[in-house]
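Trainee: After the sequence you'll find the predicted model.
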Amino acid sequence: MIHVKVKTKEARFNIPIPYALLNVVISVVFSKFIQKHADKWTKEHFKRKELNFTFPIIDKSMLKPIVKELKKHKGMVLVDVKATDGTEVRVKL
């Protein structure tokens, strides 16, 4: 499970993200349907902002082994940031 902890002056919260949920999100977001239509859905916005960007095609079979490897490194801290305004963000496996 990935644990995301955010602490600000006003609020403090923890977000646990199970690996099963991460796999489901990867399957949905990187499905061929979503990737095929992402350019169509954002085309008008990019045209207004005068941006020239196309979403790269990412194969979800390339991301699934990364999630499997993350499971093997339980307890490792991926992100530990402390801002000058007191905001803290920590992502831990």
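Mentor: Looks like it arrived, so ask away. Numbers count the residues shown, from 1 in each chain.
Trainee: From here on, just use CA atoms for contacts and neighbour counts.
Mentor: Will do.
Trainee: Phi and psi next, for Arg90.
Mentor: phi -140, psi 130 (degrees, to the nearest 10).
Trainee: Please, where are all the strands along the chain?
Mentor: In the chain, the strands defined using DSSP state E lie at 2-7, 12-17, 77-82, 88-92.
Trainee: Which residue ranges of the protein form helices?
Mentor: With DSSP state H applied, the chain shows helices at 19-29, 32-49, 60-71, listed in chain order.
Trainee: Select from those helices the stretch with the lowest mean pLDDT.
Mentor: Lowest mean pLDDT within the helices of the chain: helix 32-49, a mean of 80.
Trainee: starting at the chain centroid, how far to it?
Mentor: 19 Å (CA atoms, centre = their mean, to the nearest Å).
Trainee: Could I get the CA-only coordinates of it as PDB?
Mentor: Included here for helix 32-49 are C-alpha records, laid out as PDB according to Å, rounded to 0.1, in the frame of the first residue of the first chain:
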ATOM      1  CA  LYS A  32      -6.800   2.000 -25.600                       C
ATOM      2  CA  PHE A  33     -10.200   3.800 -25.600                       C
ATOM      3  CA  ILE A  34      -9.100   6.500 -23.200                       C
ATOM      4  CA  GLN A  35      -5.800   7.100 -24.900                       C
ATOM      5  CA  LYS A  36      -7.500   7.200 -28.300                       C
ATOM      6  CA  HIS A  37     -10.000   9.800 -27.200                       C
ATOM      7  CA  ALA A  38      -7.700  11.900 -24.900                       C
ATOM      8  CA  ASP A  39      -6.500  14.000 -27.900                       C
ATOM      9  CA  LYS A  40     -10.100  14.600 -29.000                       C
ATOM     10  CA  TRP A  41     -11.200  15.700 -25.600                       C
ATOM     11  CA  THR A  42      -8.400  18.100 -25.000                       C
ATOM     12  CA  LYS A  43      -8.000  19.400 -28.600                       C
ATOM     13  CA  GLU A  44     -10.100  22.500 -28.200                       C
ATOM     14  CA  HIS A  45      -8.500  23.500 -24.900                       C
ATOM     15  CA  PHE A  46      -5.000  23.100 -26.300                       C
ATOM     16  CA  LYS A  47      -6.000  25.200 -29.400                       C
ATOM     17  CA  ARG A  48      -7.300  28.000 -27.200                       C
ATOM     18  CA  LYS A  49      -4.000  28.000 -25.200                       C
END
